[in-house]
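**Student:** A structural model of the following input is requested.
(2 chains)
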Amino acid sequence: MTMLQENRKKLREEFSEFEDGFERYAYLVEISGLLPPMPAAQHIPENLVRGCQSQVWLHAWCEEGRFYFSGDSDTLIIKGVLLLLQDLVCGIPLEEAATLEIDVLGDAGLTAEFSDTRQKGIGAAVEKLRDAAKTLVRSM
Amino acid sequence: MWTPEEIRRDFPILGETVNGRNLVYLDNAATTQMPEPVLEKMCAHYRHDHANVHRGIHTLSERSTEEMEQARCIIQEFIGAEYPEEIIFTSGATDSINLLARSLSFGLLKPGDEILTTEMEHHANLIPWQEVARRCKAKLRIAPITASGDLDYGSFQQMLTAKTRLVAVTGVSNVTGTVNDLSAIIRQAHMHGAWVLVDASQMMRHQVINVKALDCDFLCFSGHKMMGPTGTGVLYGKKALLEQLPPDRFGGGMVDEVRLKRASYGDLPYRLEAGTPNIAGIIGLGAAAWYLSGLGIEEIAKREKLLLTTAEAALRQRASVTILGEPQKRAGCISFNVQDGHCFDVARLLDQLGIAVRSGHHCAQPLLRAFGLDGAVRISPAFYNTTEEIIQTMDALDRCIRVFGKAAKR
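**Tutor:** As a prediction, the model looks like this:
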C-alpha cells in the first residue's frame, strides 16, 4: 500500500464516525484553523484555483523528491478540505503527485453534501495540484 | 382570514425534506415558491390551450392570446396602471432595466445628460446604466448610503440637477431591506425634470403598489419574487413615455409593415415585445398576482413584517451576530454576519439542517463594500413562513455559532 493509499484509508475511517452532514461540516470548520497559514506573497492570481465559488489559493513545491503544497481559502469549510488534502498528499513522491487521482470528498463521505458545482471546484483544486506536480517533474 | 398553516398547503414544495430535515425556506428575496393555483394555471395552459399568441386565427391561438392579455390586465390592476399597454412583459427585472437602458441609448440620452442611481442598487440596476452612460457619453452619478444603510437623502438631493435625465432607484434594498422614500425621491426628481425608474423587485409583497399614486415614470419587477415563475417580469411605463421609446429589439410580433429594406413598428405594448413571449410564464405571473391580491397585499406585508421583526430581535440577542444596517424602515430581508464564520460557511451549515438562506454579495457588491464587507448571510421570509421556523433557524444558528467558537479556540 502506498503512502497515499494509506492516508486515504485513514481519512475514510476518520469520517465514518460522523452521524450526519452537519457534523462532517462542523468538523471541517473546527479543523480549518489547523491549516498552516499561507504566506501573503503566495496569495497571487496565478495561485487562484479557477472554477471554485469561493476564493482558493494553492502553491506547490518539491523537497527531496517529495510533493508539498500550501493553501488558503476565504471560507472555513474549504480550508478544512484543504487541510484534508494536505494530510493526503503532502510528502508523497513527486511522480505520484503528477498522476494524482483522488476524490477527497468521496473519502470523507461528503459527496452527497457537496453540490456538483462545489465538487467540480474541489476537483479543480486537485487538478491544479496535479498540473503543478507535472510542471515540477518537467523542471527537474 | 388565513393562517400560515392553511396557506402552506397551497405550496407543495414546502413539504420537501432537505438533508433529512423539513425544509425551512428563507430565501424568498431571491425566488419565492409557486402556489398550486399558479402551477395549475400554467399546466392547464400547456395541457389545453398552448399555441402562439396574436398570430393565429385558430381556437388555441385565440385562447392563448386571451389568457395572456388577461394576465396583462391583472398586472395592470395589480400595480394600478392606467392602461394595459403600459405593461410590457419581459423575462425579469434585469431584462426590463436593460430594455429601458438600451432604448434610452437610441438617441434619448445625450452627451452630458446625467443618470442618478444609488449605492444600494442590485447590479441589475447599476451595470446597465454604467454601460449606457459610457455609450451615450452621459454621466453616471451615485448617491451614497448612510452608516445605517439608508439613502443619504441630502447627497441625493444635491446630485439632482437640471442635467439629470433619469433617476434609477430601488424601492427596497435586496440586502439590508432598507425601504426608500419613493414619494420624496420621485417628487424631487420631477422638480428637476428627471424621469424615475423604480426597481420594485423587492417591493411587490411588502406594499400595495399604485404607479399612478406613486407617479413613477417607469417601474420594473420580476415574477419569480412574487409567487410567479422564473423568466417573467414587467416593465411598466407611462404610456406617453413608452410611446417615445424606440424598440430595443426587433423581429416578429412587433411590426406594422415590413419591406425588404425597412419596417414600421406596431403599437404598444407589442412594439416593445419582439418575438414569441413566454406565454405560459406570463399566464402564471397573472395567476400569481391574482393569488396575492386574493390574500391581500396589506395582510401579506403585515405577516412578513412580523416574521422579519422576530428574526431581527432574535439576531440582536446574539452577541456574535452583526446585522448590516439599521435603516429607518426595513422590509423583506435582513442580512448579517457571524463572528469567526464566513457567510458561506453559515449558509452551508444551515443547509445541512434543512434551512435555506442566501450567502454572498447578493449582486450588490458596492453596497457590501460600503459596509466594508464582501459577503453576508441573508434571511428573507415570506408569508408562508411561520414564527416557529424563525425560532428553529435561530436555534440552528446557535449551533453554527458554537461550531465557529470551537474552531476559533483551537
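
**Student:** where do the helices sit along the stretch 51-200 of chain B?
**Tutor:** Applying DSSP state H, counting those that start in this stretch to the stretch 51-200 of chain B gives helices spanning B:59-79, B:93-105, B:127-136, B:153-159, B:182-191.

**Student:** Show residues contacting the first one.
**Tutor:** When you say that, I think you mean helix B:59-79. Where contact means Cβ atoms under 8 Å, 6 or more residues apart in numbering or on different chains, the residues beyond helix B:59-79 that reach it are B:45, B:48-56, B:81, B:83-84, B:86-87, B:89, B:209-211, B:219, B:234, B:236, B:269, B:277, B:279, B:282-283, B:285-287, B:289-290, B:292-293. The C-beta positions use only the backbone N, C-alpha and C, and glycine is treated the same way.

**Student:** what's the spacing between that helix and its chain's center?
**Tutor:** Relative to the chain's own centre, helix B:59-79 is displaced by 22 Å; criterion: Cα atoms, centre = their mean, to the nearest Å.

**Student:** For the residue lying closest to A:Asp74 once chain neighbours are set aside, grab the count of nearby residues.
**Tutor:** Nearest residue to A:Asp74 in three dimensions, chain neighbours excluded: A:Gln55, at 4.6 Å (Cβ to Cβ, 6 or more residues apart in numbering or on different chains). A:Gln55 has 14 neighbouring residues, counting by other Cβ atoms under 10 Å in any protein chain shown.

**Student:** Chain B contacts on chain A?
**Tutor:** By Cβ under 8 Å from any Cβ of the partner chain, the residues of chain A that approach chain B are A:20-22, A:25-26, A:29-34, A:53-54, A:74-77, A:113.

**Student:** so what pLDDT did residue 92 get?
**Tutor:** Since no chain was named, I'll use chain A. As predicted, A:Ile92 sits at a pLDDT of 93.

**Student:** could you do chain B instead?
**Tutor:** You'll see B:Gly92 listed with a pLDDT of 98.

**Student:** Ok, A:Gly51 next?
**Tutor:** Looking at A:Gly51, its pLDDT is 66.

**Student:** The one 4 residues further on now?
**Tutor:** Listed pLDDT for A:Gln55 reads 87.

**Student:** The closest residue to A:Leu84 other than its chain neighbours and chain B: what is the separation?
**Tutor:** Once flanking residues are discounted, A:Leu84 sits nearest to A:Val104: 5.6 Å by Cβ to Cβ, 6+ apart. As judged by Cβ to the nearest Cβ, to the nearest Å, A:Val104 and chain B stand 16 Å apart.

**Student:** if I look at A:Val104, how far off is B:Lys139?
**Tutor:** With distances taken as Cβ to Cβ, to the nearest Å, A:Val104 is found 51 Å from B:Lys139.

**Student:** start to end distance for stretch B:270-279?
**Tutor:** End-to-end span of stretch B:270-279 (Cα to Cα, to the nearest Å): 13 Å.

**Student:** Sorry, wrong one. I was asking about stretch B:120-128.
**Tutor:** Stretch B:120-128 has an end-to-end distance of 15 Å (criterion: Cα to Cα).

**Student:** just to revisit the earlier point, of the residues of chain A next to chain B, which count as buried by neighbour count?
**Tutor:** Buried subset of these (neighbour count, 16 or more other Cβ atoms under 10 Å in any protein chain shown): A:21-22, A:25-26, A:29-33, A:54, A:74-77, A:113.

**Student:** rewinding a little: counting only helices, which of the residues of chain A next to chain B make the cut?
**Tutor:** If you go by DSSP state H, those have A:21-22, A:25-26, A:29-32, A:76-77 in helices.

**Student:** mind listing what residue 58 touches?
**Tutor:** Unless you meant another one, I'm taking chain A. Contact partners of A:Leu58, counting by Cβ under 8 Å, 6+ apart, are A:47, A:49, A:69-71, A:82, A:125, A:128-129, A:132.

**Student:** Chain B is the one I meant
**Tutor:** Contacts of B:His58 (Cβ under 8 Å, 6+ apart): B:Ala51.

**Student:** just B:Tyr46 next, same as before
**Tutor:** B:Ala280 are the contacts of B:Tyr46 under Cβ under 8 Å, 6+ apart.

**Student:** Confirm it sits in a helix?
**Tutor:** Yes: applying DSSP: H, G, I helix; E, B strand; the rest coil, one finds B:Tyr46 inside a helix.

**Student:** mind checking pLDDT for it?
**Tutor:** Among the per-residue scores, B:Tyr46 holds a pLDDT of 98.

**Student:** what do you get for A:Thr117?
**Tutor:** A:Thr117 carries a pLDDT value of 65.

**Student:** Repeat that for the one 4 residues further on.
**Tutor:** Looking at A:Gly121, its pLDDT stands at 76.

**Student:** Just list the residues touching the residue of chain A most remote from its centre, thanks.
**Tutor:** Largest separation from the mean C-alpha position in chain A: A:Met140, at 23.6 Å (Cα atoms, centre = their mean). For A:Met140, the contacting residues are A:62, A:94, by Cβ under 8 Å, 6+ apart.

**Student:** Am I right that it sits in a helix?
**Tutor:** No: read with three-state DSSP, A:Met140 is coil and lies in no helix.

**Student:** ok and the residue in the stretch 101-250 of chain B nearest chain A?
**Tutor:** For the stretch 101-250 of chain B and chain A, the shortest gap (Cβ to the nearest Cβ) falls at B:His123, measuring 17.1 Å.

**Student:** Pretty sure that residue sits against B:Gln365.
**Tutor:** Yes: assessed by Cβ atoms under 8 Å, B:His123 is found in contact with B:Gln365 at 7.1 Å.
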